[in-house]
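Chemist: have a look; sequence and predicted model below, questions after that.
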Amino acid sequence: MLIEIENLSVTFTAQGRQVRAVEGVSLNVKAQESFGLVGESGSGKSTILRAICGLAPISGGSIRINGKPITHDRAFSRQVQMVFQDPYASLHPRHTLDRTLSEPLAIHGLPVTDAAITKALTDVGLPPNFRFRYPHQLSGGQRQRVAIARALMLQPEILLLDEPTSALDASVQAETLNLLSRLRAERGLTFLMVSHDLAVIDHMCDRILVMQHGKAVEELSREALATAQMTTTYARSLFAASADRMLEG
């Protein structure tokens, strides 16, 4: 297994009391697999991604990558990158795309070349002449493509995707998901993806873990999700709500 999470717990202190955001969650992700975490807001799914990145305090359990405990050093950054929900918030408003894409290379002492920046843009479907634009000059979908390009600059093995399309219009969502699927196939990437939308997860993921109140409720294969073979009431209710949203759309 490439990613092994065992009995993970994450506890925050909020207003003087302890909040268990994640409680005893275990999951495994194989190399080049796309694994989804799904649940309502507050279910703990995004907190798991943040714990992997060192952005949330682990109070119990373990996270291993390639069989080794995670260490948040440069080697980790070259292996694991995260794409956040809001592309505008995750891009520096006063940095050109050229600077945004150059920074990961410069930080890691890697050569920054015109060819590398141009390729990064074209790989995510943006023209090279966007290079000296600023985030406010781009659409939401274009900004998310830049965020994906930045995450791929160090050629990571794993992408953590935190609701990567939820801030985008429906048509742009589909384009972005297709882009991610193509990049995964071309680069042999492994995805750990968070979404509240089962339709997105069904499109992208080989297996999913349903979460509620910080706990794992049920693990499903893509086939079980597609044929509504859930065994828990909560998973069935999520599926029904997602189906209703699709009908309304």
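Modeler: Arrived safely, thanks for sending. Residues are numbered from 1 along each chain as shown.
Chemist: list the buried residues in the helix ranked longest in the chain.
Modeler: Scanning the chain for the longest helix, with DSSP state H as the assignment, gives helix 170-187. By neighbour count with 16 or more other C-beta atoms under 10 Å, helix 170-187 contains the buried residues 172-173, 175-177, 179-180, 183-184. Every C-beta, even on glycine, is put in place using the N, C-alpha and C of the backbone.
Chemist: quick one: low-confidence residue ranges for this structure.
Modeler: The chain contains residues with pLDDT under 70 at 243-249.
Chemist: which non-adjacent residue is nearest Val172?
Modeler: Gly141 (3.7 Å; C-beta to C-beta, 6 or more residues apart in numbering).
Chemist: distance-wise, check Ala116 relative to Leu154.
Modeler: Separation of Ala116 from Leu154 (C-beta to C-beta, to the nearest Å): 11 Å.
Chemist: can you give me the strands in the chain?
Modeler: 3-14, 17-29, 34-38, 58-65, 68-69, 80-83, 158-162, 190-195, 207-212, 215-221 (DSSP state E).
Chemist: just checking, what packs against the last one?
Modeler: Yep, that's strand 215-221 we're talking about. strand 17-29, strand 207-212, helix 233-248 (3 or more C-beta pairs under 8 Å, 6 or more residues apart in numbering; DSSP states H and E).
Chemist: can you redo those as TSV with mean neighbour count and distance to His136?
Modeler: Conversion of these to TSV gives the following (neighbours: other C-beta atoms under 10 Å; distance: least, C-beta to C-beta, whole Å):
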stretch	mean neighbour count	distance to His136
strand 17-29	17	33
strand 207-212	24	35
helix 233-248	14	31
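Chemist: check which residues of stretch 63-72 are buried.
Modeler: In stretch 63-72, counting by 16+ other C-beta under 10 Å, buried: 63, 65, 70.
Chemist: okay, and the beta partners of the closest residue to the last one other than its chain neighbours?
Modeler: If I follow you right, that is Ile70. Nearest residue to Ile70, sequence neighbours excluded (C-beta to C-beta, 6+ apart): Ile63, at 5.0 Å. For Ile63, the beta-bridge partners are Ile5 (DSSP bridges).
Chemist: how far does stretch 43-60 sit from the chain's center?
Modeler: 13 Å (C-alpha atoms, centre = their mean, to the nearest Å).
Chemist: how long is it end to end?
Modeler: 17 Å (C-alpha to C-alpha, to the nearest Å).
Chemist: what residues does that stretch touch?
Modeler: 3, 5, 7-12, 21-25, 37-39, 63, 70, 72, 80, 82, 160, 162-163, 192, 194, 211-215 (C-beta atoms under 8 Å, 6 or more residues apart in numbering).
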